[in-house]
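Q: Have a look; sequence and predicted model below, questions after that.
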Amino acid sequence: MKLNVKIMPKNGVLDPQGKAIENSLSQLGFKNFSEIRQGKIIEIDIDADKDQAINIADEMCKKLLVNLIIEDYEIIFDREE
Amino acid sequence: MKASIIVFPGSNCDRDIAVSIKKLTNLEPIMVWHKETSIPDSDLIVIPGGFTFGDYLRCGSIAANSPIMKDVIKKATDGAPTLGICNGFQILTESGLLPGTLIKNDCLSFLCKTVSIRVENNQTNFSKKYKQNEIINIPIAHNEGNFFANEDTLEKIKDSNQIVFKYCNQNGEVNNETNPNGSIENIAGITNEQGNVLGMMPHPERATCEITKLSDGENLFKSISEFLL
């Protein structure tokens, strides 16, 4: 079962990378946008059915993939599955 | 008496700290590879600076799950004196031994310079040889040294007097201008609630020899030595 873990900085946590991207886009002349945040996506293929895969991925997030002090996460399945 | 220095792939301050320990304490430094599962009998555990596992995922996150860390966590929780410097501080927060976490510097650049820090608490076993509010000069070298904790955690840290060092200027002023990396309340180093675990971003081991023309790190090692006597 292929899935993605989407990890984003929590609201209220300073995201200097998002800020830098925002500044650079402004310099390029882009307008009417705001609130750029940079996160990451981790692809995982788990050999289990969907429910089990969710549980395993959730445990992976809590034990290693995500720092819950500063990040939120979401487990997302590929559309074709 | 011995000090165990934990060495991970990417640790790069392990030998420097061994030199400082040998020179300034009564401890014999021993190197312990991260794949070991138990720390030999020792009086101090040190997690040195570096870029363990290439800083992949989050700084210190992979190292925090190395085999040796189970024993580090056990012994530190049982009260073993434990010191983490720079990446070592990041590993200690990632392993849950210290509260909060360290995020990217707000200036978005790697910082490598000598900064002033103020001793906020000279009652810890790591800082007894300093005067309260003493201003000392210690080098920093990090990209993720911006200490962050949520409000509740920060209140707890303050209530328990866990802040040991704050970034300041030569006059001891602590404010936004004297904050190199965006750390909450200019925090440069904290202990756990029990006071036996210290994490700090500045490198005291780089301020203990003539080559660097800095000596303000010496009292940290002398403090450790004195309380272990």
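A: Received the coordinates, thanks.

Q: CA atoms for contacts and neighbours, from now on please.
A: Noted.

Q: In chain B, what residue lies closest to chain A?
A: residue B:106 (5.6 Å; Cα to the nearest Cα).

Q: give the contact list for that residue.
A: By Cα atoms under 8 Å, 6 or more residues apart in numbering or on different chains, the residues touching residue B:106 are A:14, A:16, B:146, B:181, B:182.

Q: go on, residue A:22?
A: So residue A:22 contacts A:34, A:35, A:36 (Cα under 8 Å, 6+ apart).

Q: Identify the residues contacting the last one.
A: Under the criterion of Cα under 8 Å, 6+ apart, the contact list for residue A:36 reads A:18, A:19, A:21, A:22.

Q: do that again at 6 Å, thanks
A: Counting by Cα atoms under 6 Å, 6 or more residues apart in numbering or on different chains, residue A:36 touches residue A:18.

Q: Out of the contacts of residue A:22, flag the one nearest to chain B.
A: The nearest member of the contacts of residue A:22 to chain B, counting by Cα to the nearest Cα, is residue A:36 at 15.5 Å.

Q: does that closest one count as helix, strand or coil?
A: At residue A:36 the chain is in coil, as set by DSSP: H, G, I helix; E, B strand; the rest coil.

Q: ok, it to residue B:62 distance?
A: From residue A:36 across to residue B:62, the span is 28 Å (Cα to Cα, to the nearest Å).

Q: For the strand or helix carrying residue B:75, list every residue counted as buried.
A: Secondary-structure assignment from DSSP states H and E places residue B:75 in helix B:68-77. Using 16 or more other Cα atoms under 10 Å in any protein chain shown as the test for burial, helix B:68-77 gives B:68, B:69, B:70, B:72, B:73, B:75, B:76, B:77.

Q: How about the first one: what's its closest non-neighbour residue?
A: Counting by Cα to Cα, 6 or more residues apart in numbering or on different chains, residue B:37 is the residue found nearest to residue B:68 once chain neighbours are left out, at 4.6 Å.

Q: residues in contact with stretch A:42-57?
A: A:1, A:2, A:3, A:4, A:5.

Q: can you pull the pLDDT of the fourth one?
A: The per-residue pLDDT reported for residue A:4 equals 97.

Q: how far away is it from chain B?
A: Separation of residue A:4 from chain B (Cα to the nearest Cα, to the nearest Å): 15 Å.

Q: same question, the first one
A: With distances taken as Cα to the nearest Cα, residue A:1 is found 22 Å from chain B.

Q: show me what contacts that residue?
A: When contacts are taken as Cα under 6 Å, 6+ apart, residue A:1 is in contact with A:45, A:46, A:47.

Q: at 8 Å instead, please
A: Residues near residue A:1 by Cα under 8 Å, 6+ apart: A:45, A:46, A:47, A:48, A:49, A:50, A:53, A:81.

Q: What backbone torsions are found at the second one?
A: Comment: the main-chain dihedrals of residue A:46 come out as phi -110, psi 130, following degrees, to the nearest 10.

Q: any idea how far it is from chain B?
A: Note on residue A:46: its distance to chain B, by Cα to the nearest Cα, is 19 Å.

Q: Would you mind listing what in chain A touches chain B?
A: For chain A, the residues found near chain B under the criterion Cα under 8 Å from any Cα of the partner chain are A:14, A:16, A:17, A:64, A:65, A:67, A:69, A:70.

Q: Dump the residues you listed to JSON lines, plus pLDDT.
A: Output for the residues of chain A next to chain B, formatted as JSON lines (pLDDT from 0 to 100):
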{"residue": "A:14", "pLDDT": "85"}
{"residue": "A:16", "pLDDT": "86"}
{"residue": "A:17", "pLDDT": "87"}
{"residue": "A:64", "pLDDT": "97"}
{"residue": "A:65", "pLDDT": "98"}
{"residue": "A:67", "pLDDT": "97"}
{"residue": "A:69", "pLDDT": "95"}
{"residue": "A:70", "pLDDT": "96"}
